[in-house]
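>>> Sharing a model prediction with you, sequence too.
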Protein chains: 2
Amino acid sequence: MKLPVSTEWLLHCAASLAQLEAGATASAAQLAQYFDLPAPYLAKQLQALVRAGVLTATTGPRGGFRLARPTAEITLLQIVEAVDGVSSPYECREIRRQGRGALPPEECRTPCLLAQKMAEAHEAWRSSLAATSLADILAALPGWAPSRTRRLLANTAQDRP
Amino acid sequence: MKLPVSTEWLLHCAASLAQLEAGATASAAQLAQYFDLPAPYLAKQLQALVRAGVLTATTGPRGGFRLARPTAEITLLQIVEAVDGVSSPYECREIRRQGRGALPPEECRTPCLLAQKMAEAHEAWRSSLAATSLADILAALPGWAPSRTRRLLANTAQDRP
């Protein structure tokens, strides 16, 4: 059970974009340089965050990515599920219905208890990630962090034509 | 993020073995027939449960697998981690230390907050699975289930020489 390596990339990219001034953006190339990551693959992954409604992509010479919503409305779960999808890691193929021990259909009207317990565990994982927003992450950063991030990363508003 | 397909197999095998009489066993071939599963691959996976201390393997003509511990002392977590290992699905490669935005070492003495939050979610998943034992699963089965399982699956004590 492994999340893609890019999960770390996108969590950090989103947390960094959350530190920019309103209206400022960072391009995939800038984010790749900021974290020393492969730019083409990172760009593809950032598009997944756009599709998930976490980021907005703007075009043009100073275009790039910025958050699509306020930091309090973007959770770690939304970012992780944008990268990896929403399906549970446990796959129930209903083996209770097959083989010598196959249960009759009338005994299989409710979901298998083992699948239910696995689903509960997945929901516990999801709830934990949904309980942390980017605003929570920002609140825990040292005071000097946002200005440093802005200086090293962004297309600032001043850069704009 | 996917668990192996055999996770379902081993959860069901353990729950079935939990229904046998004390001292009774079922072989990999019998379990494979009971659930219509590929016997050689199932046998290999059952050995993972033996290594994890969940099952005991006995040899001889009536040998097979039985639980190594009382049902109340075997949790779903132990079974799932025997199949898939204990590592978190999230891999932190410390990208905060690399690239243009690399943080200085003195700012990296504590684990990355994003990695901490991902670890908390994994612990929530583990706690959920650790909260259910095979005894809990047995208690939720209909009354007729254990005798049916014994009849269709096991080397019963009477079979023994």
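It's in.
>>> Give me the distance between A:G101 and A:V5.
40 Å (C-beta to C-beta, to the nearest Å). For the C-beta atoms, the positions are set from N, CA and C on the backbone; glycine is no exception.
>>> Same drill for these two, tell me which one is more crowded.
For the pair A:G101 and A:V5, the greater number of neighbours falls to A:G101 (21 against 15), based on other C-beta atoms under 10 Å in any protein chain shown.
>>> what's the neighbour count on the closest residue to that one other than its chain neighbours?
Distance criterion C-beta to C-beta, 6 or more residues apart in numbering or on different chains; nearest residue to A:G101, sequence neighbours excluded, is B:Y34 at 4.1 Å. Counted with other C-beta under 10 Å, the neighbours of B:Y34 add up to 22.
>>> Flag the helix or strand of chain A with the lowest per-element mean pLDDT.
Every helix and strand in chain A was compared by mean pLDDT, DSSP states H and E; the lowest is helix A:145-153, with a mean of 92.
>>> For it, name the packing helices and strands.
Helix A:145-153 sits against helix A:28-35, with contacts defined as 3 or more C-beta pairs under 8 Å, 6 or more residues apart in numbering or on different chains; DSSP states H and E.
>>> quick one: average confidence on the very next helix or strand once past the helix it packs on?
Using DSSP states H and E, the helix or strand that follows helix A:28-35 in sequence is helix A:39-51. Taken as a whole, helix A:39-51 has an average pLDDT of 95.
>>> Wondering if helix A:39-51 reaches chain B at all.
No - judged by C-beta under 8 Å from any C-beta of the partner chain, helix A:39-51 stays clear of chain B, getting no closer than 10.7 Å.
>>> residues in contact with that helix?
Residues from elsewhere that reach helix A:39-51 (C-beta atoms under 8 Å, 6 or more residues apart in numbering or on different chains): A:6, A:9-10, A:13-14, A:28-29, A:31-33, A:55-57, A:65, A:68, A:79, A:82-83.
>>> quick one: which of those sit in helices?
Among the contacts of helix A:39-51, the ones falling in helices (DSSP state H) are A:6, A:9-10, A:13-14, A:28-29, A:31-33, A:79, A:82-83.
>>> can you pull the contacts of the residue of chain A positioned farthest from its centre?
Ranking residues of chain A by C-alpha distance from their mean position (C-alpha atoms, centre = their mean) puts A:R100 at the top, at 43.5 Å. Neighbour list for A:R100: B:Q33, B:Y34, B:D36, B:L152, B:L153 [criterion: C-beta under 8 Å, 6+ apart].
>>> Please report how far the closest residue to A:V5 other than its chain neighbours lies from B:H12.
Excluding the flanking residues, the one nearest A:V5 by C-beta to C-beta, 6+ apart is B:E91, at 6.2 Å. According to C-beta to C-beta, B:E91 stands 30 Å off from B:H12.
>>> now swap in A:L67 and tell me
44 Å.
>>> again with A:A32
46 Å.
>>> Report pLDDT for A:R96.
With respect to pLDDT, A:R96 has a value of 93.
>>> One more: the one 3 residues further on?
The score at A:G99 is 93. That number is its pLDDT.
>>> can you list the weak-confidence ranges in chain A?
A:154-161 (pLDDT under 70).
>>> residue nearest the centroid of it?
Short answer for chain A (C-alpha atoms, centre = their mean): A:I79, at 1.3 Å.
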